[in-house]
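S.K.: got a predicted structure plus its sequence, pasted below:
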Amino acid sequence: MCQAFSPNCTGTGQTTCLPYICETVPNPSWENCQNFSASCSVKRDGSGCVTIQAQCSGYTGTIANCYRSTAGLCIANSSDSQCVALAASTTCETLYLGSGNYSHARCNEMKNTCTNLSTTGCQTKTCANKTGSFTHQDCYAWLPTCTANSVSSPTACITMPEKCSTLSVGACIWAVEGQCIVLGSSCVRKTCDTASPAASFNTDTLCSNYLSTCTVAKIGGCQPRAACSTYKSNNQCKFNTTGGKCFWNATNLTCVDFSCGNIEQTSLYDTHSECASVDSTCTVRATNGAAVPGCMARGACSSYQIEDQCNRNATGGVCVWNTNLAQAACQDKSCSTAPTATATHDDCNTYFSTNTIRCTVVATPDANGGAPVLGGCQQTAACATYIHQEQCKFNATGDACGWNGTQCADKSCATAPATADYDDNDKCRAYFNNKCTVAESGQGCVDIPDTCETMIEKQCVTDKSGRLCYWNGTACITRSCDNAPEATVTADECNTYLAGCTLDVDVKCKTKVCEDFAFATDALCRQAISTCTTNGTNCVTRGTCFQAMSQAGCVTSATNQQCEWMPAVGNNQAYCTVKTCNTAPNTLTSEAACAGYFTNCTTKNGGGCVTKSTCAAVTVDAACTTALNGTICAWDSAQNKCRDKDCQDFSGTSHAACQGQRAGCTAGANGKCARVQNCEQTTLRSACIEGTNGPCLWINDFVNTDGSTGACFRYTSCKSLTWNSDTQCKWISKQCTTNGSNCIGITLCSETNTDGGCVTGYDGACIQSVPALNSADPKVCKPYTSCADAFYTTHSDCQIASSKCTTNGTTGCIALGACSSYTSQAGCYFNDKGVIYTSGVITSTGICTWDTTASSCRDQSCADLTGINHAACSSQLSTCTSDGTTCLLKGACSSYTTQTACTTAVGSDGVCYWELASATNNNTAKCRLLTCPDIQNGTATNVCSVALSSCVSDGTVCITKANCSAYKTKTACNSGGLDGICVFTQSTATGAVAGTGTCALMTACTTANNDQTACQQARDRCSWTPASGTGATAVASKCATHTCATNQATNGACTRFLNWDRKTQQVCTLVSGTCTATDPSTLSSNDCFLVSGYTYTWNASTSKCGVCTAPVVQPNNSNNNTNNTNNETTTDSGYILGLSTIIFGYLMF
């Protein structure tokens, strides 16, 4: 009703109309407020529309309105006292939206990288803080670095690893390298080759559905898309590598890159529909006004020669075959192409219209002076140019036109005809947007006057601004409470006369005030008049919080401050005060409770709330969430205090994983993240991705000052590093070299500098030289063909020319070769093989030596090396040892003639020993092999075995290790025999010395019942129980075969174990926490192979765990026609498993 009365009014749901302004828009939201008027915004809590400000700072006095200005989105400052513009540099943690306004939608609206941190703030999105559903699509939409943590029933999002191979089968979904699939028992990247079985993928659609970069292979299965010209069948000929379309020429049986012009020029394609069926951008070709075989790309409508082509132009616009012309032609569809039979405005507007162009009918003046003739269409124009009422609808800008009976003009009150159709206020208001009222003459319309007082009775409804008017019998007046009619006798009649009026004593009506309402709640008083609250009985004018006299009215102040009712304490009466964090009751003990109580509050020791400030100011773990400025806090348990959350509080082993959790973080030590530093300060390879000074590159071969290799450098191109040798620059990339002062990119050899860069070019290896021997001309760089291209007589000059060269000493450079091939001392430096390692030791140094006696070049030998001990010499050349001063060829001990050589060198036949001269050797000292009795202080086996591995101790001296039965002492017996573990039995003979007796081979666990050492040496099969008790309760010690329980107790894990002879095994598993003997055939598919010690495998045909069988070799199958032999090795279970010669069975106890 209010809108029907005036578009400037709206209803309130009661009995009054209010001005239709931003504040009265129903269902407030940004969209609805803007749909009402571009001058409206919405409050940040969505409770109402408000007048939009040009800048966010315009809302500072009314912070609740701080949501959006004409310039863009707004947020509050950290104290929620000022409204500021959202900047690109604003972090998620510093988005302040006001208490109660934090949700994912609000945080994400402000910045799409943000989500809510509970109800207290915003935080940066990470894979870990995604909530809701967790499919890969959900996680990827959340952050493009995230995927689901499980294939089935995922419970969280995780950061994508670099490679599929690092994912478990259960989490095999996506990695950075692409989509993943399970292949066998591994997670691998999904590629065209993994489409299986091949027979099921026999069309391009099936393969491209499997993976968008695949097409069908010629013989089935999938292959990567390639160039169209490489496809050999129509089945493949769909898309190329870049996704471009291919076309199959059915006549030539070839595949070509698609273009309209490449469609075959045959009768198969000689109409528009046939060409358009290949691609909608094509049409048929035409020559001399007739269609010809073949297709062409759509062009301008005017370029089409025949009607069959005349459908769409190159941009998709509609073409029309215009027969209105003297000679029919194809034209862009427009108002003027409409048939001449089109005779109404609506038909013309239906025929053609765009966002900027509308059509109306053409009116042609009659030659005989009659009514204009209607037919055809034209673009809308100025109203004054129309000569017929049917045209007179809208002008060129879309504004309405008005026909006054004879002329057309821009529609206004004045264009309403002075007829009975417009003889009252309602008819004139309906004529033109509620802007008109009836003219004083009683017919026609005029603009509504500015004031009621200038109106006649027929006009007396509202003035131009919407104020209500009243005809008092003689004149029109503006309604007010104090000019109500004399007949008004009740409050309702006053309110009916003018909303907001009530009955008064002195005058008929007066304006309502707060005291006129007897309401006991703040809400009802506010609803009656927005400036009212209650004193508990009646409504009163709202003032400060301190002026509120009842708890019911202690809600908000006149300046919109929140109020809090403080209960009476002792002799202090209850009172109303401004609500702050400090007014919170002590019963609030959580961060969430304080955040819900008032803006920027957090909990404190002992309960109650305080205003948030910094992380360091927090005193309880429960409040250690965020600081006032949005910084996320972390509780340091070690120091029992709250601090700013930093990179080290996040877990991550890669740069991407840490960056995904917080910008500015990278991989750190011990699986934790660390702050990004400049590249040169970064010491972890996984963190060497991006530094504070730019992108980084890890160079493996760089040698640090401590001798370690590998370092991080800022890198954007070869020029980033100032190294002056090609070798160093090649550490960056094979595409880098040096110009003598810094690294640069390689070029053609002929364009490369001769200051160290002439090593490799785009055209291969390079060589540099002067043009001829002893030439003074500058050096040039050219592609390497042979060392003969360089003219130098010294080894160093030839090496500078190319690292592949040395000199012949006379005419120039020659290629490196064997030392023996060099005929000149000038080139005798090193061979072409370099250092040769065999089984990890140097067998040739690669260095050459000139033999002055033989005048020849030979390989470096031991005699050319120096070293004061064996290690120094053998590290240079494995065949060398030391005589204490120089190196010599390693020989038998007996070949060493001096005591120094004998005690320093290592013999080829073993450890050497210098035997001093004595009567037993004819007083001739000599070097011989060390024997066990030669070892000094041999009272313990470890002393003996360290000196010579074949020795043990008998408790007094070292003796040669023998079979158990040869030992007579406990020390020797416990050292073990050549035949196995030994068991000692103390001699009981009279006078027998402790530790002497007999020794025997341990043949079962029970044979060591009295020898703890022997039993524990066999701990993998035996369990030791010491003696216990005395007298009648004495229990002898025991060595027994393991049970599952004793094996777990002895060796720390519930695993299988072997019996004494290692021919059978016992499989054990945990059952309800107890290590229990288990039949291997009952193991699951996941446990079968591993838990059985690789002796059982899962049989898919029986769905049981079965013992591995030896391979069955089938006879060779020969085909005499093809001379091909097919050797196949299979097993009845489909598994081929290599086994040792021992077959393990299941041991039942």
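M.R.: It's in. Numbering: from 1, shown residues only.

S.K.: residue nearest the middle of this protein, spatially speaking?
M.R.: Thr145 (1.2 Å; CA atoms, centre = their mean).

S.K.: so in this structure, which strand runs the longest?
M.R.: Longest strand in the chain, counting residues (DSSP state E): strand 694-703.

S.K.: just checking, what packs against that one?
M.R.: Strand 694-703 sits against strand 709-714, helix 726-732, with contacts defined as 3 or more CB pairs under 8 Å, 6 or more residues apart in numbering; DSSP states H and E. Every residue, glycine included, has its C-beta placed from N, CA and C.

S.K.: can you list the ones you listed in CSV and add distance to Thr315, mean neighbour count and mean pLDDT?
M.R.: Output for those, formatted as CSV (distance: least, CB to CB, whole Å; neighbours: other CB atoms under 10 Å; pLDDT from 0 to 100):
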stretch, distance to Thr315, mean neighbour count, mean pLDDT
strand 709-714, 48, 18, 95
helix 726-732, 49, 20, 93
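
S.K.: pipe the ones you listed into TSV and attach distance to Asn27 per row.
M.R.: Converted to TSV, these look like this (distance: least, CB to CB, whole Å):
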stretch	distance to Asn27
strand 709-714	56
helix 726-732	63
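
S.K.: what's the closest of those to Gln562?
M.R.: The minimum distance between Gln562 and these falls on strand 709-714, with 53.6 Å, by CB to CB.

S.K.: quick one: the closest one to strand 694-703, angle?
M.R.: Here strand 709-714 runs at an angle of 160 degrees relative to strand 694-703 (axes from the mean of the first three to the mean of the last three CA atoms, to 10 degrees).

S.K.: list the contacts of Tyr829.
M.R.: With contacts defined as CB atoms under 8 Å, 6 or more residues apart in numbering, Tyr829 is in contact with His795, Thr806, Ile847, Cys848.

S.K.: from those residues, pick the one nearest Gln223.
M.R.: Thr806 (50.4 Å).

S.K.: the closest one - nearest residue in space that isn't next to it in sequence?
M.R.: Gly827 (4.1 Å; CB to CB, 6 or more residues apart in numbering).

S.K.: could you do Ser99 as well?
M.R.: Ser99's closest residue in space is Thr599 (CB to CB, 6+ apart), at 4.1 Å.

S.K.: can you tell me how far the one you found is from Asn32?
M.R.: Plainly put, Thr599 is 26 Å away from Asn32 if you go by CB to CB, to the nearest Å.

S.K.: which one of those two is surrounded by more residues?
M.R.: Ranked by neighbour count (other CB atoms under 10 Å), Thr599 and Asn32 place Thr599 first, with 21 against 14.

S.K.: for that one, what are its contacts?
M.R.: Asp80, Gly98, Ser99.

S.K.: cool, and Ser651?
M.R.: Gly671, Lys672, Cys673.

S.K.: just give me the neighbour total for the first one.
M.R.: Looking back up the chat, that one is Gly671. Gly671: 9 neighbours (other CB under 10 Å).

S.K.: could you do the second one as well?
M.R.: As a burial measure, the neighbour count of Lys672 was computed by other CB under 10 Å and equals 16.

S.K.: render the CA-only coordinates of stretch 761-779 in CSV, please.
M.R.: Provided in CSV are the C-alpha atoms of stretch 761-779 (Å, rounded to 0.1, in the frame of the first residue of the first chain):
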residue,chain,number,x,y,z
GLY,A,761,78.8,-24.0,-27.1
TYR,A,762,75.5,-24.7,-28.7
ASP,A,763,77.4,-26.6,-31.4
GLY,A,764,79.2,-28.9,-29.0
ALA,A,765,82.7,-28.9,-27.5
CYS,A,766,85.0,-25.9,-28.3
ILE,A,767,88.7,-25.5,-28.7
GLN,A,768,90.8,-22.2,-28.7
SER,A,769,94.1,-21.5,-30.3
VAL,A,770,96.3,-19.0,-32.1
PRO,A,771,96.1,-19.5,-35.9
ALA,A,772,99.6,-21.1,-36.1
LEU,A,773,102.5,-22.2,-34.0
ASN,A,774,104.2,-19.2,-32.3
SER,A,775,101.7,-16.8,-33.9
ALA,A,776,101.2,-13.4,-32.2
ASP,A,777,97.6,-13.1,-33.5
PRO,A,778,94.8,-13.3,-30.9
LYS,A,779,93.3,-16.6,-30.0
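
S.K.: buried residues in it?
M.R.: Gly761, Asp763, Cys766, Ile767, Gln768, Ser769, Val770, Lys779 (16 or more other CB atoms under 10 Å).

S.K.: chain center to it: distance?
M.R.: Relative to the centre of its chain, stretch 761-779 is centred 51 Å away, using CA atoms, centre = their mean, to the nearest Å.

S.K.: can you check stretch 86-95 too?
M.R.: 21 Å.

S.K.: identify all contacting residues around it.
M.R.: With contacts defined as CB under 8 Å, 6+ apart, stretch 86-95 is touched by 56, 72-75, 78, 107, 110-111, 113-115, 121-125, 626, 629-632, 663.

S.K.: which of those are buried?
M.R.: Buried subset of those (neighbour count, 16+ other CB under 10 Å): 56, 73-75, 78, 107, 110-111, 113-115, 121-125, 626, 629-632.

S.K.: right, and Cys139 touches Thr145 too?
M.R.: No: Cys139 lies out of contact with Thr145 (CB atoms under 8 Å); the separation is 9.2 Å.

S.K.: and for those two, which residues touch both?
M.R.: Counting by CB under 8 Å, 6+ apart, the shared contacts of Cys139 and Thr145 are Cys127.

S.K.: all helices for the stretch 1-150 of the chain, in order.
M.R.: 2-5, 30-36, 104-110, 136-142 (DSSP state H, counting those that start in this stretch).

S.K.: contacting residues around the residue lying closest to Cys228 once chain neighbours are set aside?
M.R.: Leaving aside its chain neighbours, Cys228 sits nearest to Cys246 (3.7 Å; criterion: CB to CB, 6+ apart). Counting by CB under 8 Å, 6+ apart, Cys246 makes contact with Cys228, Tyr231, Cys237, Lys238, Phe239, Asn240, Cys255, Val256, Asp257, Phe258.

S.K.: cool, and Gly907?
M.R.: By CB under 8 Å, 6+ apart, the residues touching Gly907 are Lys890, Gly891, Ala892, Cys893, Tyr896, Leu929.

S.K.: hmm, try it at 10 Å
M.R.: Gly907 makes contact with 881, 890-896, 913, 927-930, according to CB atoms under 10 Å, 6 or more residues apart in numbering.

S.K.: nearest residue to Phe517 in space, please, no chain neighbours.
M.R.: Cys539 (4.2 Å).

S.K.: for Val841, same thing?
M.R.: Per CB to CB, 6+ apart, closest to Val841 is Ser878, 3.9 Å.

S.K.: try Lys782
M.R.: Closest residue to Lys782 apart from its sequence neighbours, by CB to CB, 6+ apart: Cys749 at 5.4 Å.

S.K.: neighbours of the one you found, how many?
M.R.: Neighbour tally, Cys749, other CB under 10 Å: 23.

S.K.: then Thr166?
M.R.: For Thr166, the neighbour count with other CB under 10 Å is 11.

S.K.: how about it, phi and psi?
M.R.: phi -90, psi -10 (degrees, to the nearest 10).
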